[in-house]
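K.L.:
Next one to model:
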Amino acid sequence: MRSEIAAFYAGFGQPDLLRRACDDAVLLVPLVDDDRVYTSRVRGIDWIWAFTSVEEYARYMVAREVPEDQSYRYQRVLGARLIAWATARPEPTGVSIDCVGAHPRGAGPEQDGWPTSAFSGDGALGKALSLCP
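P.N.:
Numbering: from 1, shown residues only. Now for the predicted structure:
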């Protein structure tokens, strides 16, 4: 999936390939104390923060200035299952991948699953991702 995301940043990404790569990717999703998926609300939309590696998750925690001596639990989830879960939630929910990494990507809430517009490279999503807590 990282190579498909990098292709978008290089200007030659293909939305269908990126979507398939995201669907097939195993993502790390932070959990809160009672084993629920961690979400946060940004401008009226719930966001699930997902990561392609432990290193990307750690980068997120460092950016949030979370204490190093605390343990950080996560669940590994297929991208397709994560999007299905986000889409089924009663509140509008988007998925952000590696939001503080070199190549953040995400999908805003839509009823049809991964919206193509999230992978268009038009920069609109970057504005939302810049709000990553």
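
K.L.:
got a pLDDT number for residue 53?
P.N.:
Looking at residue 53, its pLDDT reads 92.

K.L.:
Surely it touches residue 28?
P.N.:
Yes - using Cβ atoms under 8 Å, residue 53 is in contact with residue 28, at 7.2 Å. C-beta: built from backbone N, CA, C; applies to glycine.

K.L.:
between those two, who's got more neighbours?
P.N.:
Counted by other Cβ atoms under 10 Å, residue 53 and residue 28 do not tie: residue 28 has more neighbours, with 20 against 14.

K.L.:
mind checking the SS state of that one?
P.N.:
On the three-state scheme (DSSP: H, G, I helix; E, B strand; the rest coil), residue 28 is labelled strand.

K.L.:
Quick check: bridge partners of it?
P.N.:
Here residue 28 sits in beta bridges with residue 51, residue 76, as judged by DSSP bridges.

K.L.:
so it makes contact with residue 55?
P.N.:
No - taking contacts as Cβ under 8 Å, residue 28 lies outside contact range of residue 55: 10.1 Å.
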